[in-house]
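**Student:** Take this sequence and fold it.
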Amino acid sequence: MTISLVTGHAGTPHVTAAQDAGLHAGIIGLDDYVLDMQNKFAITVVSANKVTIGSGELVMQGYHVSNDGGEDLIISNGSQGMKRNDLIVCRYEKGSESVESASLVVVKGEATTGTAKDPAINTTSMWKGGTVYDMPLYRIPLNGITLGTPVPLFNIMQPMKAVWDSLS
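**Tutor:** Below you'll find the model as predicted:
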């Protein structure tokens, strides 16, 4: 391992995604945040099994993800007399040849007659070798075939100016 000036001119492209994410993680921390920009990933229930996630910016463990516009997601139909929690997550994936991507995904929960539980999601940090990581955005409760009110599961990172103003 050698030292390198990441933000200096090196004559060839040399900044890696991990170096950029490391800068963000060092400033913001290794937590997950929606940034106070655009529509902040606001959710709109469109129908009994369709939601739209609005525009926004987020940082998950230092990795920046941008959603320029609305994205429709389908929630699988519920079952009469059953309860279920689904989660909408922003999923980071590191695939073959180390190609990285992010997408919005619905993680389907298990139907039950009792109290619905959230489904398991991928929580191994990218910094600890995780190749799939899920940042929860919303819980979608289903009671029978009825889609309940979405529950936000993310924190909004306030801009530094707002934090400074609150201190002074």
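
**Student:** drop to CA atoms for contacts and neighbour counts, all remaining ones
**Tutor:** OK.

**Student:** List the contacts of the closest residue in space to Gln158 that isn't next to it in sequence.
**Tutor:** Counting by C-alpha to C-alpha, 6 or more residues apart in numbering, Asp36 is the residue found nearest to Gln158 once chain neighbours are left out, at 6.0 Å. The contact partners of Asp36, by C-alpha atoms under 8 Å, 6 or more residues apart in numbering, come to 57, 156-159.

**Student:** among these, which ones are buried?
**Tutor:** Using 16 or more other C-alpha atoms under 10 Å as the burial test, those include 57, 157 as buried.

**Student:** What distance do you get for Pro119 to Ser103?
**Tutor:** Counting by C-alpha to C-alpha, to the nearest Å, the gap from Pro119 to Ser103 is 18 Å.

**Student:** what's the answer for Ile3, then?
**Tutor:** Distance from Ile3 to Ser103, by C-alpha to C-alpha: 33 Å.

**Student:** ok, now Pro13?
**Tutor:** Distance, Pro13 to Ser103, using C-alpha to C-alpha: 26 Å.

**Student:** related to what we said a few turns ago, between the contacts of Asp36, which sits nearest Met126?
**Tutor:** Glu57 (18.8 Å; C-alpha to C-alpha).

**Student:** So the closest one belongs to a strand, correct?
**Tutor:** Yes - the assignment for Glu57 (DSSP: H, G, I helix; E, B strand; the rest coil) places it in a strand.

**Student:** Can you check the pLDDT for the nearest residue to it once chain neighbours are set aside?
**Tutor:** Of all residues not flanking Glu57 in the chain, Ser66 sits nearest, at 4.6 Å (C-alpha to C-alpha, 6+ apart). pLDDT recorded at Ser66 is 96.

**Student:** Ser66 - how many residues pack around it?
**Tutor:** 15 (other C-alpha atoms under 10 Å).

**Student:** Please shift the residue numbers so they start at 26 in all later answers.
**Tutor:** New numbering, starting at 26: the last item is Ser91.

**Student:** and Asp190, what element?
**Tutor:** helix 185-192 (DSSP states H and E).

**Student:** Buried ones in that helix, by neighbour count?
**Tutor:** Applying 16+ other C-alpha under 10 Å to helix 185-192 flags no residue as buried.

**Student:** From the rest of the structure, what touches that helix?
**Tutor:** By C-alpha under 8 Å, 6+ apart, helix 185-192 touches no other residue.
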